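>>> sequence first, predicted coordinates after that:
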Amino acid sequence: MSARTDPLIGTVLNDRYRIDTKIARGGMAMVYRGTDLRLDREIAIKVMHEHLISDETFVERFRREAINAGRLTHPNLVAIHDQSRDDDTVYLVMEHLPSVTLRRELKHRGTFTPRQAIVVLDAILAALEAVHSTGIIHRDLKPDNVLLGTDGQVKLADFGLARAVTTATTTKTLIGTVGYVAPELVTRAGADIRTDLYTVGIMFYEMLTGKQPYTDEVPIQVAYRHVHDSVPPPSDQITGLSPRLDALVLWATSKDPNDRPDDAAEFRLALAEARSEMSDTELDFGDPNVLPGEHSPALTASIDLGAEAPKEKRSRTDEIPYLDNDEEESETAAAADSDDSSDQDTGGGAGTAAAAGVAGAGAAAIGAAGAAAAATADDSGEPSDDASQDDTDHSDDESRDGKPDSVDKHAGAASAASAAAAGGAGGAGATGESGTEAAGASAAASAAPQRRRRRRLATTIGAALLVLALVAWLVIANLPAPTSIVPAQLAGKDIDKVSSQIENSGLEAQPKEVFDDTVPAGTVIGTDPVGGSELAPDSTVTVVVSKGEEMFAVPKLKGLSKDKAEDALNKADLKLGKVDEEYSDSVDKDTVISASKKSGDELSKDTKVDLVVSKGVKPTPVPNVEGLTFDAAYATLAKRGFRVGKDEVFSDDIPKGKVVSQWPKSSEAKPYDSLIIVRVSKGKEKKEESKDDKKDEKKKDEDKKKDSDKKDD
């Protein structure tokens with residue numbers, strides 16, 4: 001669907017999010033570039049396909065993606081801003097990052113140099129540290145979900161399968177993408193954070209070699225190889241790669257999760273160590289003539305090689321400049337000038353400000369803001385021009401007790417704010433070491449310089465306390481809500497034990513029975529959400545329990561025709577087996593006499609059922625009635641169940657009344673009630689001589705007489 005025909009283009013969702021242009025299409029949703037009209041910023045809008053909205057399973061998965069990703073804040077993760085529904089449009093709002101996917105860049109480049117691959121991998125692992133710290137497993141890592149920004153950022157996206165075992169997936173359905181699936185997902189042994197690390201290892205292999213370790217036209221064959229084969233070293237494909245890279249790939253892709261890195265932080269540390277031990281030749285191994293893609297970053301940034309494991313979240317994304325950008329931008333820091341407070345040293349204000357703490361920051365900010373506003377205005381109520389004048393910069397000086405001037409400045413400002421709040425409309429802050437000067441002295445013209453300094457200090461402390469209040473609010477707002485963790489590795493256990501484990505974790509277990517050909521009845525197959533997921537206390541966890549193998553009842557078959565019996569078996573998910581035929585005096589031909597299984601018996605799916613079908617009544621040999629009188633022949637044939645037909649003929653040889661011949665002959669066998677034709681003799685046929693015959697006879701006699709007379713002469 002093009003942008004010109006897409007009915008959503010130009011639509012404003014919930015009076016806020018305008019859809020501008022289509023970016024990409026996925027299996028569950030379409031992604032558009034849009035505009036947040038309220039905040040006037042560019043965003044990405046992910047809209048679920050219309051045909052999936054009626055399925056609550058997919059809607060819930062879509063909502064869960066927003067929840068999973070929305071709780072995370074990290075520079076290597078695509079930020080989720082909102083999730084909502086507008087009539088039949090289900091959508092979520094994301095950070096818009098002009099970028100290409102790692103998949104697209106792999107197609108263009110073929111392979112990455114080790115240095116480039118390490119940069120991308122380090123960013124992915126940094127993102128996974130944040131993801132795993134919340135108890136979430138991504139479960140669908142692949143190059144399609146890694147974005148390489150045009151500004152050099154590397155971000156991980158798409159949490160649609162995080163914590164996914166839904167009614168849309170059966171016990172035989174794999175979670176994730178088969179080319180990157182971990183062995184434990186194929187064997188249903190349960191997943192944890194090391195499952196994601198296996199996939200990271202596969203992507204590392206692909207970046208180094210340009211291909212996945214296992215490829216086959218049949219997906220199940222690829223999954224089978226993930227379970228039974230060991231991933232080969234990348235150097236088997238690309239000769240010359242460093243053995244350190246082989247070791248990292250083989251470590252991450254071990255079939256046994258216990259043989260993999262414990263977490264993303266451990267893998268990052270090993271990656272950094274390998275990077276530090278490799279030469280520039282090893283790091284830049286590859287074809288230098290390969291150009292980047294249309295929007296591809298250069299992937300040349302280095303990673304932190306500190307002695308400590310990189311366990312903390314990074315404050316910024318690894319920046320990766322373009323290949324065609326030869327200039328490096330230098331980082332600059334702008335420092336604001338500090339106010340001159342060295343001549344006004346306070347002794348007790350700092351303790352007062354510190355005592356407020358985070359808990360009282362909101363109230364302190366309100367009071368300080370009022371004091372700051374009063375101190376910044378002159379007696380007429382107008383802002384003082386002196387408040388904007390610059391003093392000499394003493395930001396590098398320190399007070400006599402070794403603390404920076406800013407500490408004394410903030411302490412004095414706190415005293416000024418307190419005094420202003422206490423003194424009301426006519427009060428002014430008392431400053432100086434003694435802190436006991438009268439408030440009325442502030443009205444004297446000779447105190448103007450001190451008043452200006454107090455105004456600046458009050459303004460500074462007011463702003464500082466406002467910042468503290470904002471920080472306190474953010475801290476409190478982002479405190480993790482009470483959560484319960486779904487127990488892991490429950491598959492294969494008894495349902496009663498699993499229910500107890502879940503309830504002991506502060507959650508409610510809700511069994512859901514399904515048939516399974518391989519798992520015994522009463523045994524747990526899995527849970528939804530999966531083990532390790534964080535839920536609110538008392539949330540419901542669906543426990544999928546095996547009912548064992550599904551059995552199918554044998555339908556009534558006796559008395560049906562063969563074809564109808566086969567149809568009945570197919571409808572019952574059973575199969576027609578061997579068909580035997582036999583004669584029957586009571587069952588019509590082609591009708592089922594009996595079956596190998598009784599009606600109502602329960603059998604496994606596609607079990608074969610044998611039938612015995614009637615061939616009808618068994619044929620009877622036809623007796624020989626030739627030479628018998630008709631009455632005797634009739635009695636003989638009728639006794640054997642035959643019908644008799646009579647046909648009379650003349651016979652010179654057979655006496656009248658006796659059977660001359662029969663059809664069929666006595667050598668054949670015929671079914672019951674068959675018609676037997678007998679021919680009965682009428683005796684010899686009587687012939688009358690005609691006149692012509694007499695003339696001929698007379699002529700013959702005359703000829704004989706003439707011949708005799710001639711002989712006498």
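Looks like it arrived, so ask away.

>>> is Ala633 part of a helix or strand, or is it coil?
Classification of Ala633 using DSSP: H, G, I helix; E, B strand; the rest coil returns helix.

>>> show me the contacts for it.
Neighbouring residues of Ala633 by CB atoms under 8 Å, 6 or more residues apart in numbering: Val625, Val644, Val659, Gln662, Val678. C-betas here are computed from N, CA, C, even on glycine.

>>> my read: the second one touches Asp673, true?
Spelled out, that is Val644. No: at 11.2 Å, Val644 does not count as touching Asp673 under the criterion of CB atoms under 8 Å.

>>> residues near the nearest residue to Pro537 once chain neighbours are set aside, how many?
With sequence-adjacent residues excluded and distances taken as CB to CB, 6 or more residues apart in numbering, Pro537 is closest to Gly506, at 4.6 Å. As a burial measure, Gly506 scores 15 neighbours (other CB atoms under 10 Å).

>>> for Gly506, give its distance to Gly10.
Distance from Gly506 to Gly10, counting by CB to CB, to the nearest Å: 47 Å.

>>> Asp36 now?
Noted for Asp36: a distance of 15 Å to Gly10, by CB to CB.

>>> got it, and Lys493?
Distance from Lys493 to Gly10, by CB to CB: 54 Å.

>>> which one of the two has more residues nearby?
Lys493 (16 against 10).

>>> which one is that one nearest to, not counting chain neighbours?
Lys493 sits nearest to Val524 (CB to CB, 6+ apart), 5.3 Å away.

>>> per-residue confidence at that neighbour?
At Val524, the pLDDT value in this model is 91.

>>> against which helices or strands is the host helix or strand of it packed?
Taking DSSP states H and E as the criterion, Val524 maps to strand 524-528. Applying 3 or more CB pairs under 8 Å, 6 or more residues apart in numbering; DSSP states H and E, one finds that strand 524-528 contacts helix 495-504, strand 540-546.

>>> tally up the residues packed near the residue nearest to Lys493, please.
Val524: 23 neighbours (other CB under 10 Å).

>>> distance check, it against Gly190.
Counting by CB to CB, the gap from Val524 to Gly190 is 11 Å.

>>> same thing with Glu626?
Taking CB to CB, one finds Glu626 at 88 Å from Gly190.

>>> restricted to strands, list the contacts of Ala633.
When the contacts of Ala633 are checked against strands (DSSP state E), the matches are Val644, Val659, Gln662, Val678.

>>> list the contacts of the first one.
It stands for Val644. Contacts of Val644 by CB under 8 Å, 6+ apart are Ala633, Tyr634, Leu637, Ala638, Leu675, Ile676, Val678.

>>> what residue ranges in the stretch 151-300 of the chain are flagged as low confidence?
Counting by pLDDT under 70, the stretch 151-300 of the chain shows low-confidence ranges at 159-176, 188-189, 287-300.

>>> show me where it has its helices.
In the stretch 151-300 of the chain, the helices defined using DSSP state H, counting those that start in this stretch lie at 183-186, 193-209, 219-228, 243-252, 264-277, 280-283.

>>> please enumerate the strands of the stretch 451-600 of the chain.
For the stretch 451-600 of the chain, applying DSSP state E, counting those that start in this stretch gives strands covering 484-485, 508-514, 524-528, 534-535, 540-546, 551-553, 575-582, 592-595.

>>> which residues sit against the first one?
Read it as strand 484-485. Under the criterion CB under 8 Å, 6+ apart, residues Gly135, Ser505, Gly506, Leu507, Gly532, Ser533, Glu534, Leu535, Ala536, Pro537, Asp538, Ser539 lie in contact with strand 484-485.

>>> now the last one
With CB under 8 Å, 6+ apart as the test, strand 592-595 has contacts from 554, 557-562, 565, 582, 584, 587, 609-614.

>>> show me how to select, in PyMOL, the buried members of the residues you listed.
Of those, the buried ones can be selected in PyMOL as follows, counting by 16 or more other CB atoms under 10 Å:
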select buried, resi 554+557+560+562+565+584+587+609+611+612+613+614
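
>>> distance of Gly645 from Val146?
Going from Gly645 to Val146 by CB to CB gives 93 Å.

>>> let me redo that: Leu39
Distance from Leu39 to Val146, by CB to CB: 27 Å.

>>> swap in His51?
28 Å.

>>> for Tyr224, same thing?
Per CB to CB, Tyr224 is found 26 Å from Val146.

>>> who has more neighbours, those two?
Val146 (27 against 15).

>>> dump the residue contacts of the residue lying closest to that one once chain neighbours are set aside.
Spatially, and ignoring its direct neighbours in sequence, Val146 is nearest to Leu102 (3.9 Å; CB to CB, 6+ apart). Contacts for Leu102 were tallied using CB under 8 Å, 6+ apart; they are Val120, Pro143, Asp144, Val146, Leu147, Leu148, Met203, Met207.

>>> which one is the last one nearest to, not counting chain neighbours?
Which is Met207. Ala117 (4.0 Å).

>>> tell me the SS of the one you found?
Ala117 is classified as helix under three-state DSSP.

>>> can you pull the pLDDT of it?
At Ala117, pLDDT is 95.

>>> hmm, back to that, note down every partner strand of the strand holding Val524 and its orientation.
Counting by DSSP bridges, the strands paired with strand 524-528 are strand 540-546 (antiparallel).

>>> buried stuff in stretch 253-266?
By neighbour count on 16+ other CB under 10 Å, the buried set for stretch 253-266 is Thr253, Ser254, Lys255, Pro257, Arg260, Pro261, Asp263, Ala264, Ala265, Glu266.

>>> hmm, who's touching it?
With CB under 8 Å, 6+ apart, stretch 253-266 has contacts from 125-126, 128-129, 132, 182-184, 192-198, 200-202, 205, 213, 227, 230-231, 251-252, 267, 270, 309-311.

>>> what do you get for stretch 12-31?
Taking CB under 8 Å, 6+ apart as the rule, stretch 12-31 contacts 1-3, 6, 8-11, 32-38, 43-49, 52, 58, 61-62, 82, 84, 86, 89, 91, 93, 160.

>>> what number of residues lie near the nearest residue in space to Pro213 that is not next to it in sequence?
Of all residues not flanking Pro213 in the chain, Val231 sits nearest, at 4.8 Å (CB to CB, 6+ apart). Using other CB under 10 Å, Val231 has 20 other residues around it.

>>> contact partners for Val231?
Taking CB under 8 Å, 6+ apart, we find Val231 in contact with Gly201, Ile202, Tyr205, Pro213, Val249, Leu250, Thr253.

>>> many thanks, I have nothing further to ask.
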